[in-house]
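quick one: sequence plus predicted model below, questions after.
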Amino acid sequence: MNVLIIGSGGREHALCTSCKKSENINKIFCAPGNAGTDLIAKNIYIDINDFQEITNFVNKNEIEIVIVGPEKPLVDGIVDYLEKNNIKTFGPSKLASKLEGSKIFTKELCDKYNIPTAKFGIFKNSNDANNFVEKCDLPIVVKADGLASGKGVYICNKRDEAEIAIKEIFNGKFGLTNEILIEEFLDGEEMSFFIISDGETYFPFGTAQDHKRVFEGDKGKNTGGMGAYSPSRLENDELNNKIIKKIINPTLKALKDLNTSFKGFLYAGLMIIKNEPFLIEYNVRMGDPECQTILPKLKTDFVKLISACVNKNLNSINLEWHNDKSLCVVLCSKGYPESYENNIEIQNLNKVKLKKNEYIFHAGTKKEKDKILSNGGRVLNFVIRSNNFKNNRETAINLINEINWENGFFRGDIGYKVID
Ligand code: AMP
Ligand code: GLY
């Protein structure tokens, strides 16, 4: 069968790679893709925000399934649009995507269904928000409601920082808004928990811990993710059961009560405090770089799995995994997550010989003639699977050193909590 993958990051290169390994695959298209997807799929340059253009392309190229990588088209309703045109699409509906698209929607849902989360308040103007901050303990967390690429969250250690955050959000830094979310700070350890669902049946789809801060020791600004490892060190049966019972099941029930369901990957960003889970946020897609970290562990045929989801027969699938450990180190452009230069050649990439269970996924890259150029803040992902996290990290770093890209930098301490 032919599939179309929407997106251009490391996550989408990993999705293409998993499709490529499938027994049932014929052609893979990726829109718009990167220099890595170009090696195994046909990159197509259509506007991924133009759902009619995507529909036309799908029909012309006999594409059976569309897999949506990033959140924006999901939140904008791509799945509803394509499905109205009888195109099978892996991803949640526009309504279900509000779990990521509106933090306030999710908080209200948590409140109604008793899902453990940080205590919160929702405010319609800065006066009320500032008055509330006056009475709260510090630190305090101020959040913009909508999608903000991870930037709309302020952890404030002082009240005047919260005041600035409130002002910036109401001034439209993350788009027009008439509401703001203020939360209690949860002090614990983060863990990402994934499920895959066809709308009725679901399976857990691995756990991971990502490293969001730009510098070693979890210092500096937040990024999209500098690396990750799977499984999370926090994972245990008792905790898994609590996550499912207290967080996942009530959320799926809430969606059902809204006359929708969840098809696709659901990513729960959790804070674990004394083996108790609290929901920090939902994402309605795989994480990046968690996807690159987890997918190489999957044994089950990926296209069969996705096909079962869009055909609502996930219960016929026996989900199987490699029970080892996977770790990803992200190579970034110098300057990221602030300003950085693009279009810098990455030499030596073709010379690297990968062994079994070693992967290089492209993220911000593009091909120009026969050269590979940087094209984003997060450029390449080095993923290694073995029985040993330390060995994975060393191998990933050796590969990065082999490439020796002078415009790159990375965190050498990914997985320090399970290694050092
Ligand atoms: P979010 O975009 O909501 O995931 O927030 C980004 C990051 O901010 C999270 O990954 C956490 O590290 C941190 N964060 C968000 N909310 C809280 C909270 N209530 N308490 C502690 N940390 C938080
Ligand atoms: N790695 C965090 C995210 O994908 O949102």
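Happy to help now that I have it. Ligands and ions are numbered 1, 2, ... in the order given.

burial check on the closest residue to residue 199 other than its chain neighbours, number of neighbours?
Counting by Cβ to Cβ, 6 or more residues apart in numbering, residue 261 is the residue found nearest to residue 199 once chain neighbours are left out, at 3.8 Å. C-beta coordinates here come from the backbone N, C-alpha and C atoms, glycine included. Using other Cβ atoms under 10 Å, residue 261 is surrounded by 18 other residues.

ok, residue 329 touching residue 395?
No: Residue 329 is beyond contact range of residue 395, at 9.6 Å (criterion: Cβ atoms under 8 Å).

nearest spatial neighbour of whichever residue of the stretch 301-420 of the chain sits closest to ligand 1, skipping sequence neighbours?
For the stretch 301-420 of the chain, the residue closest to ligand 1 is residue 337, as judged by Cβ to the nearest ligand atom, at 13.0 Å. In this structure, residue 337 finds its nearest non-sequential neighbour in residue 223, 4.5 Å apart by Cβ to Cβ, 6+ apart.

picking that back up, and residue 329 and residue 395? Which one has more around it.
Neighbour comparison, residue 329 and residue 395: the larger count goes to residue 329, with 28 against 22 (by other Cβ under 10 Å).

so which helix or strand takes in the more buried one?
strand 325-333 (DSSP states H and E).

helices or strands up against the helix or strand just after that strand?
Toward the C-terminus, strand 325-333 is succeeded by strand 358-362 as the next helix or strand (DSSP H and E). For strand 358-362, the contact count by 3 or more Cβ pairs under 8 Å, 6 or more residues apart in numbering; DSSP states H and E identifies helix 10-20, strand 378-386, helix 389-403 as packing neighbours.

quick check: angle from the longest one to strand 325-333?
What it means is helix 389-403. Helix 389-403 and strand 325-333 are oriented at 30 degrees to each other (axes from the mean of the first three to the mean of the last three Cα atoms, to 10 degrees).

helices or strands up against helix 389-403?
strand 325-333, strand 358-362, strand 378-386, helix 416-419.

circling back to that earlier point, which one, of the helices and strands packed on strand 358-362, ends up nearest to ligand 2?
Of all the helices and strands packed on strand 358-362, helix 10-20 comes closest under Cβ to the nearest ligand atom, at 7.6 Å.

and the next helix or strand past that closest one?
Next in line after helix 10-20, if elements are assigned by DSSP H and E, sits strand 28-32.

re the thing from before, format the helices and strands packed on helix 389-403 as JSON lines; extra columns: distance to residue 36.
As requested, these are exported to JSON lines (distance: least, Cβ to Cβ, whole Å):
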{"stretch": "strand 325-333", "distance to residue 36": "13"}
{"stretch": "strand 358-362", "distance to residue 36": "3"}
{"stretch": "strand 378-386", "distance to residue 36": "8"}
{"stretch": "helix 416-419", "distance to residue 36": "27"}
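
quick one: these as CSV, columns for distance to ligand 2 too.
Output for the helices and strands packed on helix 389-403, formatted as CSV (distance: least, Cβ to the nearest ligand atom, whole Å):
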stretch, distance to ligand 2
strand 325-333, 10
strand 358-362, 14
strand 378-386, 10
helix 416-419, 16
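
kindly reformat these as TSV containing distance to residue 243 and mean pLDDT.
Conversion of the helices and strands packed on helix 389-403 to TSV gives the following (distance: least, Cβ to Cβ, whole Å; pLDDT from 0 to 100):
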stretch	distance to residue 243	mean pLDDT
strand 325-333	20	98
strand 358-362	27	98
strand 378-386	24	98
helix 416-419	19	96
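
of these, give the one that comes closest to residue 70.
strand 378-386 (13.2 Å; Cβ to Cβ).

so what secondary structure elements neighbour the closest one?
helix 10-20, helix 290-294, strand 325-333, strand 358-362, helix 389-403.

same thing but at 10 Å, please
helix 10-20, strand 227-230, helix 290-294, strand 325-333, strand 358-362, strand 371-374, helix 389-403 (3 or more Cβ pairs under 10 Å, 6 or more residues apart in numbering; DSSP states H and E).
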